[in-house]
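**Q** Attaching a predicted model along with its sequence, questions to come.
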Amino acid sequence: MLRTKIAGIGMYVPEQVVSNDDLKKYMDTNDAWIQERTGIKERRYAKRTGETTTTMGVEAAKKAMERAGTTAQDIDFIIFATLSPDYYFPGCGVLVQRALKMKEIGALDVRNQCSGFIYALSVGDQFIKSGMYKNILVIGSEKHSFGLDFSTRGRNVSVIFGDGAGAVVLQPAENDKQGILSTHLHSDGESAELLAMYNPGTHANYWTEKQLADFDDAEIANMFMSHNMIDNAQNFPFMDGPSVFKKAVVKMPEVIMEALAANQLTPADINMLIPHQANLRISQFVQNQLGLRDDQVHNNIQQYGNTTAASIPIALCEAWEKGKIKEGDLVCLASFGSGFTWGSALLRW
Ligand code: ACO
């Protein structure tokens, strides 16, 4: 059976390190609260101009392509996962195609937030397995620092997120013992509004029917992004933290067990678990649930915060660069996030 392997991996994080104490200049917070609740010590923020979700993704991609021994011209397809795109549309995939002067290949953007990388990897896996493409570039990248509420009002969310990018090049594996063994994707839209950025959007939930009755279509069109929304912080992410926590600690172990069962494996077989870096407390809970030792799990949220679609490829790349993942190792990726969506991927390195 044709399998997909990760032929090269790369990451990029911006130079600017922002400590918990640095955030005190914007909001009423403190290092002890942030570390105790999330495990985060610092995060990176991109340059205000000239450094975007796309440019960071491109830097990670260059590393991944170099390590895979490919050039931008070899890539057949781009898959870009992000919730913080350079533009509302078009997506970042085409901007990568332009930046790397690639052929006129397909470029797909994936909007599955914290699960974005696993969803993107799964899509790429199917294209490789079907024989359609030979070299796929999968990128997860986020520039959160440009879209957070830095006032005290938004502190429960803003302190968590950081900027960065990770990328992989997918290719057909040489043999069926190596590569992605399976991917498992799930969603439950019932809780869509519990971790979300509502505006700009077309839902108009912010307005009552009665209020809308006073406006004509042209005025309603302007409400896509209005002063009122901005005044009410409707353009910032909202998170019901405790609900996210409760669901994540159930669904992440569940989807990891699903992947293991599908391959007749057990938690003891995992050499390295890379959980989405949502919150160190969630990762530790998942680790305990599965009975994994510390050397079976890699966390780096302490240094980078939560980088959403980039968190898994960044952590995977870092673990590999540190020599924590070797050829033949069983690697498990697992995510949970906005949607809610969750997923896992099991691969033989
Ligand atoms: N600094 C200091 N105090 C704060 C901060 C802050 N940054 N944020 C909130 N507080 C205060 C609140 O004002 C509140 O004070 P009060 O009791 O006097 O009113 C108190 O701390 C508790 O606030 P909550 O908003 O209820 O915070 P909670 O204790 O739930 O912790 C947290 C927030 C850490 C996010 C928690 O809900 C959690 O662990 N959630 C899991 C979800 C998660 O981590 N998501 C990450 C992103 S989503 C993803 O990737 C899946």
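**A** Done, it's in. Residues are numbered from 1 along each chain as shown.
**Q** and the residue of the stretch 101-250 of the chain found nearest the ligand, what is it in contact with?
**A** Using Cβ to the nearest ligand atom, the closest approach of the stretch 101-250 of the chain to the ligand is made by residue 241 at 2.1 Å. In this view, the C-beta of every residue, glycine as well, is placed from N, C-alpha and C. For residue 241, the contact set (Cβ atoms under 8 Å, 6 or more residues apart in numbering) comprises residue 156.
**Q** quick one, phi psi at it?
**A** With angles defined as degrees, to the nearest 10, residue 241 sits at phi -50, psi -50.
**Q** i'd like the first residue to be 36 from this point on
**A** All set: I'll call the first residue 36, so the last point we hit is now residue 276.
**Q** Per-residue confidence, it, what does it come out as?
**A** If you check residue 276, the pLDDT there is 95.
**Q** ditto for residue 240
**A** 67.
**Q** The nearest residue in space to residue 259 that is not next to it in sequence: neighbour count?
**A** Using Cβ to Cβ, 6 or more residues apart in numbering and skipping residues adjacent in sequence, the residue nearest residue 259 is residue 235, 5.1 Å away. Residue 235: 13 surrounding residues under other Cβ atoms under 10 Å.
**Q** my guess is residue 235 contacts residue 270, does it?
**A** Yes - using Cβ atoms under 8 Å, residue 235 is in contact with residue 270, at 7.1 Å.
**Q** Give the residues shared as contacts by these two.
**A** Counting by Cβ under 8 Å, 6+ apart, the contacts common to residue 235 and residue 270 are 260, 264.
**Q** Write out the residues of this protein neighbouring the ligand.
**A** 64-65, 68-69, 72-73, 149, 190-191, 194-195, 230, 274, 276-277, 279-280, 283, 313-314, 316, 341, 371-372 (Cβ under 6 Å from any ligand atom).
**Q** mind listing what's buried in stretch 355-366?
**A** By neighbour count on 16 or more other Cβ atoms under 10 Å, the buried set for stretch 355-366 is 355, 359, 360, 365, 366.
**Q** quick one: contacts of it?
**A** Stretch 355-366 is contacted by residues 44, 300, 304-309, 330, 333, 351, 354, 381-384 when judged by Cβ under 8 Å, 6+ apart.
**Q** and the residues you listed, which of them are in strands?
**A** 44, 307, 308, 309, 381, 382, 383 (DSSP state E).
**Q** What is the nearest of those to the ligand?
**A** For those, the closest approach to the ligand (Cβ to the nearest ligand atom) belongs to residue 309, at 14.0 Å.
**Q** Tell me where the stretch 186-335 of the chain has strands.
**A** Applying DSSP state E, counting those that start in this stretch to the stretch 186-335 of the chain gives strands spanning 199-207, 214-222, 230-231, 273-274, 307-310.
**Q** CSV please, covering those and showing mean neighbour count.
**A** Formatted as CSV, the strands of the stretch 186-335 of the chain follow (neighbours: other Cβ atoms under 10 Å):
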stretch, mean neighbour count
strand 199-207, 28
strand 214-222, 19
strand 230-231, 20
strand 273-274, 16
strand 307-310, 26
